[in-house]
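*Asks:* Generate coordinates for the sequence data below:
(one chain, ligands or ions: 2)
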Amino acid sequence: MSEPLFERLALIGIGLIGSSLALNARTNGLARHIAIATRRKETLDKAEELGLGDSYHLEASEAVADADFVILCVPVGSCGAITREIAPHLKAGAIVSDVGSVKGAVIAQMAPHLPSSVHFVPAHPLAGTEQSGPQAGFLELFTNRWSILTPPEGTDPAAVTRVEAFWQGCGSNVETMTAEHHDLVLAIVSHVPHLIAYNIVGTAADLETVTQSEVVKFSASGFRDFTRIAASDPTMWRDVFLTNRDAVLEMLARFSEDLATLQRAIRWGDGDTLFDLFTRTRAIRRNVIEAGQDTAKPNFGREPASGERAGTKG
Ligand SMILES: NC(=O)C1=CN([C@@H]2O[C@H](COP(=O)(O)OP(=O)(O)OC[C@H]3O[C@@H](n4cnc5c(N)ncnc54)[C@H](O)[C@@H]3O)[C@@H](O)[C@H]2O)C=CC1
Ligand SMILES: O=C(O)C(=O)Cc1ccc(O)cc1
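*Replies:* Ligands and ions are numbered 1, 2, ... in the order given. Here you go, the predicted model:
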């Protein structure tokens, strides 16, 4: 077997993304030693029970000592404080990364704490589910999904290449862009859709004329999809909206204008406007399927089969 890409990988936070990375690092031989840190003992014990790592730490600073690759897999709002805590313990030449759904704010929080002796290569896998915790991870999560790298200007290209190789080793396709562009794109393709899901499920739950049991009983498939998305982790998504504020507000403003156009078309019986939009959007769905990004493909927006979950053998 070839040499692993990294000697010691430290995963700080071991939820859905951290545990999926641990499974990939182990199975695909990406790191010789996997050090796992999380602040809650209960979560750490669960990770150990699932056999996700080689060493387990309640102190992130212990996990990063001597690590050549450190990945923060925590809600974006916690990245700054953790970086401050681990910074004095980082080995010179180590690569520090994250998996946060927002990049500009994460870089702004992390970069000031990092010593100049380490390389900083932020990343974001466009792959996930509404599940969280160490038991939620599965090996195929990143297979054929995109992972975006947003290295700040001046980052050592060799460090970027190694992080790219790591994500490719997890089965991802990799693209590099600026953090600002990432945050704008993700606002429309991921963050605003989640907000819409949270809002529509909340609106349905609050309706006085429709009981909760009717919402459950008569959920058509479209609404069921919204309830899946709206079951996503509250801490993670609170942090996403608070940290990608400007891009989300910009996309929401556009969304609201377009929604007002549809509202007017319905009020005035303007079927052409509705038909034209629905025809255009149908074509977009066809392109999504051709690009292999539909929900029927492995792992995006589906529950993993029972045998695929973290810690399950085979
Ligand atoms: N869930 C998803 O579908 C995706 C999530 N992401 C990003 O990945 C990151 C992690 O998300 P998930 O794995 O889904 O979350 P999760 O909720 O499953 O796991 C988060 C982990 O971080 C730990 N944690 C939280 N605060 C901590 C702290 N201060 N110190 C140490 N550990 C701490 C928690 O105990 C837990 O182990 C987030 O930044 C999220 O934006 C990226 C792509 C997809
Ligand atoms: O569960 C879903 O449908 C998702 O959209 C998963 C997801 C959530 C957050 C990300 O930053 C990337 C992917």
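*Asks:* For Ala35, which residues are in contact?
*Replies:* Contacts of Ala35 were listed using CB atoms under 8 Å, 6 or more residues apart in numbering, and they are 8-11, 53-57, 62-64, 67. Placement of C-beta: from N, CA and C, glycine included.
*Asks:* And Pro88, by the same measure?
*Replies:* So Pro88 contacts Ser61 (CB under 8 Å, 6+ apart).
*Asks:* Would you mind measuring from it to ligand 1?
*Replies:* As judged by CB to the nearest ligand atom, to the nearest Å, Pro88 and ligand 1 stand 16 Å apart.
*Asks:* now swap in Gly80 and tell me
*Replies:* Gly80 is 10 Å from ligand 1, by CB to the nearest ligand atom.
*Asks:* And the closest residue to that residue other than its chain neighbours, how far from ligand 2?
*Replies:* Nearest non-adjacent residue to Gly80, counting by CB to CB, 6 or more residues apart in numbering: Gln109, 3.2 Å away. The gap separating Gln109 from ligand 2 is 17 Å, by CB to the nearest ligand atom.
*Asks:* What of Ala94?
*Replies:* Counting by CB to the nearest ligand atom, the gap from Ala94 to ligand 2 is 25 Å.
*Asks:* Report the contact partners of that residue.
*Replies:* Going by CB under 8 Å, 6+ apart, the list of residues near Ala94 reads 64, 67-70, 118-119.
*Asks:* which of these count as buried?
*Replies:* Neighbour-count burial (16 or more other CB atoms under 10 Å) applied to those gives 64, 67-70, 118-119.
*Asks:* Give me the subset of the residues you listed that also touch ligand 1.
*Replies:* When CB under 6 Å from any ligand atom is applied, no member of those is adjacent to ligand 1.
*Asks:* residues of the helix or strand of the chain with the lowest mean pLDDT that come out buried?
*Replies:* Among the helical and strand segments of the chain, the one scoring lowest on mean pLDDT, DSSP states H and E is helix 212-217, with a mean of 80. For helix 212-217, a neighbour-count test (16+ other CB under 10 Å) marks nothing as buried.
*Asks:* what helices or strands is that helix leaning on?
*Replies:* If contacts are counted by 3 or more CB pairs under 8 Å, 6 or more residues apart in numbering; DSSP states H and E, helix 212-217 sits against helix 192-206.
*Asks:* Using CSV, list the CA coordinates for the helix it packs on.
*Replies:* The C-alpha coordinates for helix 192-206 follow below in CSV (Å, rounded to 0.1, in the frame of the first residue of the first chain):
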residue,chain,number,x,y,z
VAL,A,192,-31.7,30.5,1.1
PRO,A,193,-33.2,27.1,0.2
HIS,A,194,-32.7,26.0,3.8
LEU,A,195,-34.3,29.3,5.1
ILE,A,196,-37.3,28.7,2.8
ALA,A,197,-37.6,25.2,4.2
TYR,A,198,-37.4,26.4,7.8
ASN,A,199,-40.0,29.1,7.0
ILE,A,200,-42.5,27.0,5.2
VAL,A,201,-42.5,24.2,7.8
GLY,A,202,-42.8,26.8,10.5
THR,A,203,-45.7,28.5,8.7
ALA,A,204,-47.5,25.2,8.2
ALA,A,205,-47.0,24.3,11.9
ASP,A,206,-48.4,27.6,13.0
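*Asks:* what about it and ligand 1, touching?
*Replies:* No. Figure legend: helix 192-206 not in contact with ligand 1 (CB under 6 Å from any ligand atom); closest approach 9.8 Å.
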